[in-house]
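J.: here's a sequence, model it:
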Amino acid sequence: MITRRTLMQTGAAAAAMTVAMPWVARAEPMKVRLAHAANEIHPGHIAAVEFKKSLDALAPGAFDLTIFPNRQLGDDQQNGESCVAGTLEFCGCSGAITSLVTGTKTLDSYQLPFLIKSYDHFVQMALSPEADAIHESLTAGGLVGLQTTDIGRRNFATIKEPVRKLADFQGLKTRIVPLELHKVIWETVGVNPIGLPYGEVYGALETGTIDAVEINVSSMLGEKLWEVAKNFTLTGHYPWHNTISANVAFFEGLPKELQDAVRQAGKDSVKPTLDYTAKQDEDGRGEMMKNGVQIFELEGLDELKAKVAPIVDTWGGKSPLIADFVKAAQA
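T.: Numbering: from 1, shown residues only. Next up, the predicted model:
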């Protein structure tokens, strides 16, 4: 796992030297890349498109940014590690993977169970000073955080019996990202959590290696998980956050006006991405139902919320930045 800025090799240093001159004096725009693992209907791709759109408007002619979706340059973790190492200028990764590749915990703030109440609430928090401080903390792990968006609130999909009440979670072999926070949450709920890469989820569900996955509508559609998981229980337990980041050496080599443009492009891309996510979440449920998926409300959702509530306080004690985010979200 790549976690330290010191692992950035000569590629990043060379890129920084290349862009050190003022962009207005350049005959050609800088060729830069943003890679992510999602497909073109996924909010993670929309976030990248909105980022590029804003950057082109704020700094016309400065960058020639190419987006590489669909795991073209690697899966979620590979893209994050490549950006830390400096072989990519930008990456879009789930917040969970960004935490893994940077060795930081502050992005856990967004996924504390039931802390963020809605897509509108997410926009408010993503543009807050507390979010800016969390993005800044990623530099210790080699990335500059530019924006974090919700690519779909998480629910629960199963291949056999649906989950209708809290007791139905017990013992289900459930795919999670192998992050400490996720492990604690799902062990508290009572499932048997199994860490698997995102790209392996379909096959694991199809073969019965896992019984269930905590997942959002966008991934159910984008990965066609509805073909193998026909039961979808609405829990909305936390957002699935996605962070667009820049390599530190590349970013620090930019002139100040371009650094400002890159940061602002990140902020500008938040709300349009969340608008898309919210609409896809609503419309996508109907699309899944047309494809034979049964959608259920969880009986006793308040019981689930009470079961995992102590985790929020526990995690707030792990970092002052997390504690500040929790306080702001609860206010």
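
J.: worst-scoring helix or strand of the chain, pLDDT-wise?
T.: The helix or strand of the chain with the lowest confidence, counting by mean pLDDT, DSSP states H and E, is helix 10-18 at a mean of 40.

J.: wait, G141 touches T106, no?
T.: No. Under the criterion of C-beta atoms under 8 Å, G141 is not in contact with T106, lying 10.1 Å apart. Where C-beta positions appear, they are placed from N, C-alpha and C, glycine not excepted.

J.: these two: who's more crowded?
T.: T106 (27 against 23; other C-beta atoms under 10 Å).

J.: report pLDDT for that one.
T.: The score at T106 is 96. That number is its pLDDT.

J.: who's in contact with it?
T.: Neighbouring residues of T106 by C-beta atoms under 8 Å, 6 or more residues apart in numbering: S99, A133, I134, S137, L138, S319, L321, I322, F325.

J.: repeat for L172
T.: Counting by C-beta under 8 Å, 6+ apart, L172 has contacts T158, V163, V191, N192, D211, A212.

J.: if we go to 10 Å?
T.: The neighbours of L172, taking C-beta atoms under 10 Å, 6 or more residues apart in numbering as the test, are 156, 158-161, 163, 186, 189-194, 210-213.

J.: pLDDT wise, what is Y198 at?
T.: 83.

J.: distance check, Q170 against D120.
T.: Look at Q170 and D120: by C-beta to C-beta, to the nearest Å, they are 34 Å apart.

J.: cool, and G199?
T.: 31 Å.

J.: same check, this time on P113
T.: 19 Å.

J.: quick one: which of those two has more around it?
T.: Just comparing P113 and D120: by other C-beta under 10 Å the higher neighbour count belongs to P113, 24 against 13.

J.: three-state assignment of the more buried one?
T.: coil (DSSP: H, G, I helix; E, B strand; the rest coil).

J.: just to revisit the earlier point, ok, then the element right after the least confident helix or strand of the chain?
T.: Note on helix 10-18: by DSSP states H and E, the next helix or strand toward the C-terminus is strand 30-35.

J.: and that next one, what other elements does it pack with?
T.: In terms of contacts (3 or more C-beta pairs under 10 Å, 6 or more residues apart in numbering; DSSP states H and E), strand 30-35 is packed against helix 10-18, helix 43-58, strand 63-68, helix 76-85, strand 90-94, strand 241-247.

J.: tell me the strands beside the fifth one, with direction?
T.: To tie it back to what came earlier, the one meant is strand 90-94. Paired strands of strand 90-94, with direction, are strand 30-35 (parallel), strand 241-247 (antiparallel) (DSSP bridges).

J.: mean confidence score for that strand?
T.: What strand 90-94 shows for mean pLDDT is 97.

J.: distance from the chain centre to it, please.
T.: For strand 90-94, the separation from the chain centroid amounts to 8 Å (computed by C-alpha atoms, centre = their mean, to the nearest Å).

J.: and what of stretch 196-213?
T.: 19 Å.

J.: with stretch 125-135 instead?
T.: Averaging C-alpha positions (C-alpha atoms, centre = their mean) puts stretch 125-135 15 Å from its chain's average.

J.: G145 sits in which helix or strand?
T.: Per DSSP H and E: strand 143-150 holds G145.

J.: and stretch 208-216, how far out from the chain's middle?
T.: That offset, for stretch 208-216, works out to 18 Å (C-alpha atoms, centre = their mean).

J.: cool, stretch 78-90 as well?
T.: For stretch 78-90, the distance to the chain centre is 16 Å (C-alpha atoms, centre = their mean).

J.: buried sites along it?
T.: 78-90 (16 or more other C-beta atoms under 10 Å).

J.: which two in those are spaced the farthest apart?
T.: Q78 and E89 (15.3 Å; C-beta to C-beta).

J.: any regions of the chain where pLDDT drops low?
T.: The chain contains residues with pLDDT under 70 at 1-27.

J.: show me the helices in it, by range?
T.: Counting by DSSP state H, the segments of the chain that form helices are 10-18, 43-58, 76-85, 95-102, 119-126, 129-137, 180-189, 201-207, 217-222, 248-252, 256-268, 270-290, 301-316, 320-330.

J.: ok, which of those helices comes nearest A35?
T.: Of all the helices of the chain, helix 76-85 sits nearest to A35, with 4.5 Å by C-beta to C-beta.

J.: list the helices and strands the closest one packs on?
T.: Counting contacts by 3+ C-beta pairs under 10 Å, 6+ apart, helix 76-85 is packed against helix 10-18, strand 30-35, strand 90-94, helix 95-102, strand 143-150, strand 241-247, helix 248-252.

J.: for L301, find the nearest of the ones you listed.
T.: strand 143-150 (19.2 Å).

J.: okay, angle between the closest one and helix 43-58 too, please.
T.: Orientation of strand 143-150 against helix 43-58 (axes from the mean of the first three to the mean of the last three C-alpha atoms, to 10 degrees) gives an angle of 120 degrees.

J.: how about Y276: what's its closest non-neighbour residue?
T.: I46 (4.8 Å; C-beta to C-beta, 6 or more residues apart in numbering).
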